[in-house]
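S.K.: sequence first, then the predicted structure:
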Amino acid sequence: MSVRRMKWLSSIRGRFLVLSALTVGLALALTAALLVSLFSNNIRKRIDLELTNQINTLAGALTFDANGRLVRPTGPFDPRFGIPYGGLYWQIIDDAARQTMRSVSLFDTVLDLPSDTHTDGSIHHYLLPGPEGRTLIVLERMVRVAAPGGQRAIRIVVAINGTALEEARNGFIRDFAPALAALGLFLVGASLAQLAFGLRPLSSLSEGINRIRERRDSRLTGDYPAEFQTTVTAMNQLLDAQGLMIEKARRRAADLAHGLRTPLTVLSNDALTLRERGETALADELDHLAAAMRAHVERELALSRIAASPDLRRGDSDIAKLAGDVIRTVSRTPDGERIAFSTDGPASLMAPVDPGDFREIAGNLIENAAKWAKARVVIGWGLDGDRLWFQVADDGPGVPQDELENLTRRGWRLDSAKPGTGLGLSIVREIAIVYAMEFELENDETLGGLSARIVLP
């Protein structure tokens, strides 16, 4: 069984549809069996009534000759009695005179009747073999009639082909089967309509959760049935509490950063004072400690702004717009003023990345490229099949092959003379891990500098 089929059967709609089809099918099968049984019983009663009337007609036509033997009955009987194997048969037996008479329709066939005990007027029912190997529905009745010498017991047997019942039943099935199938389709359709109407609140709930996941809404809104109201209220309370905790954590991180920046500034000033006094070694140590602490604070602040997972992003990123914003900002910096930036990519491509996170990626990559480029930085993006990519390349000196892996290490710097904290590429790597991106660094063969590329599945 395929994964898609298993997933479909595990859904409420799939289970309900299967259950509906099974119950409707079973109900229709039972209904069909009941209707066929009622129809067959009704036809059987009509056949019994017809055969009983034929027995009564034959009984009224019985006469005896002067010798006390039965005279073949004559009269306006059913024409089938006079046609060989005509489908309707009679047989009259006088056990006292050992005399048996048969209708023309029996031709050369004698009905082999069971040796039952009969009472006056009682009717016995049988299924017996008849002409041409057919099964006959047989009614036998013993009547007493006046004969020379007194009352005499005569057995009158009337039979009809059993195929009459079978043909009537089959005809009935052919007639009502289309109506029953139409009823089944109507019931299944009604079940689907009921399911769609009944599950509409679930669809609304799912849409509301998707809006929250995509950061288009912060709470579940709208009207829900009373059965869902408890769940909706609990979820909104959970979302409110989660939002409050996240906001509180961000405020604390900002407060912590603000509280640390002032002591770090004082520490840097103290290092400057010591350097002016000639205590260069101690001043260098304080500068190193202040830089390390400042880098740690900046990194933690950057990581605190990253979405915890792709599902918690506030929305998707317009690559062209965000890349353009970053380029305009970087071009005003001392490094960016001497660089020619160029872009190449579709204007309407959206990346499934939080805008803040994508701005962090683009900002770090473009700033790093501008820092090392001689005169040119190229930013490109696009789709490769179903994979989205974003790339920044520069015409700088590049990076030795054995040092490429070190670029994303926290705080590692290729050249300590260049300004910076060495955290930019490591932050990009952290974001790439959250979004399951591929983060590739290599020397660009065209421009000659470093090429940084992220690929989203």
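M.R.: Sure thing, it's come through.

S.K.: the strands in the stretch 251-400 of the chain, which residues?
M.R.: For the stretch 251-400 of the chain, the strands defined by DSSP state E, counting those that start in this stretch occupy 317-318, 340-344, 350-351, 376-384, 387-394.

S.K.: mean pLDDT added to the ones you listed, as a markdown table?
M.R.: Listed next are the strands of the stretch 251-400 of the chain as a markdown table, based on pLDDT from 0 to 100:
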| stretch | mean pLDDT |
| --- | --- |
| strand 317-318 | 90 |
| strand 340-344 | 92 |
| strand 350-351 | 91 |
| strand 376-384 | 93 |
| strand 387-394 | 93 |
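
S.K.: take these and write them to JSON lines, including distance to residue 400.
M.R.: Heads up, the C-betas are built off the backbone N, CA and C, glycines and all. Converted to JSON lines, those look like this (distance: least, CB to CB, whole Å):
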{"stretch": "strand 317-318", "distance to residue 400": "33"}
{"stretch": "strand 340-344", "distance to residue 400": "26"}
{"stretch": "strand 350-351", "distance to residue 400": "31"}
{"stretch": "strand 376-384", "distance to residue 400": "21"}
{"stretch": "strand 387-394", "distance to residue 400": "16"}
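
S.K.: let's have those strands in JSON lines, adding mean neighbour count and distance to residue 63.
M.R.: Converted to JSON lines, these look like this (neighbours: other CB atoms under 10 Å; distance: least, CB to CB, whole Å):
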{"stretch": "strand 317-318", "mean neighbour count": "20", "distance to residue 63": "111"}
{"stretch": "strand 340-344", "mean neighbour count": "13", "distance to residue 63": "118"}
{"stretch": "strand 350-351", "mean neighbour count": "18", "distance to residue 63": "106"}
{"stretch": "strand 376-384", "mean neighbour count": "18", "distance to residue 63": "105"}
{"stretch": "strand 387-394", "mean neighbour count": "22", "distance to residue 63": "105"}
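
S.K.: and residue 99, which of those strands is closest to it?
M.R.: Across the strands of the stretch 251-400 of the chain, residue 99 has its closest neighbour in strand 387-394 (102.1 Å, CB to CB).

S.K.: name the helices or strands packed onto the helix or strand harbouring residue 177?
M.R.: When elements are assigned from DSSP states H and E, residue 177 belongs to helix 163-213. Contact analysis of helix 163-213 by 3 or more CB pairs under 8 Å, 6 or more residues apart in numbering; DSSP states H and E lists helix 12-60, strand 135-147, helix 226-276 as its packing neighbours.

S.K.: for those, which one sits closest to residue 169?
M.R.: helix 12-60 (5.3 Å).

S.K.: to residue 226, which of the strands of the stretch 251-400 of the chain lies closest?
M.R.: Ranking the strands of the stretch 251-400 of the chain by proximity to residue 226 (CB to CB) places strand 350-351 first, at 39.0 Å.

S.K.: direction included, what does that closest one pair up with?
M.R.: If you go by DSSP bridges, strand 350-351 pairs up with strand 317-318 (antiparallel).

S.K.: residues touching the strand it pairs with, excluding its own?
M.R.: Strand 317-318 is contacted from outside by 348, 350-355, 357-359, using CB atoms under 8 Å, 6 or more residues apart in numbering.

S.K.: tell me the SS of the residue of the chain most remote from its centre?
M.R.: Of all residues in the chain, residue 66 has its C-alpha farthest from the mean position, at 89.4 Å, by CA atoms, centre = their mean. When classified by DSSP: H, G, I helix; E, B strand; the rest coil, residue 66 comes out as coil.

S.K.: skipping its backbone neighbours, what lies nearest it in space?
M.R.: residue 148 (7.1 Å; CB to CB, 6 or more residues apart in numbering).

S.K.: then residue 367?
M.R.: Once flanking residues are discounted, residue 367 sits nearest to residue 330: 5.7 Å by CB to CB, 6+ apart.

S.K.: many thanks, we can stop here.
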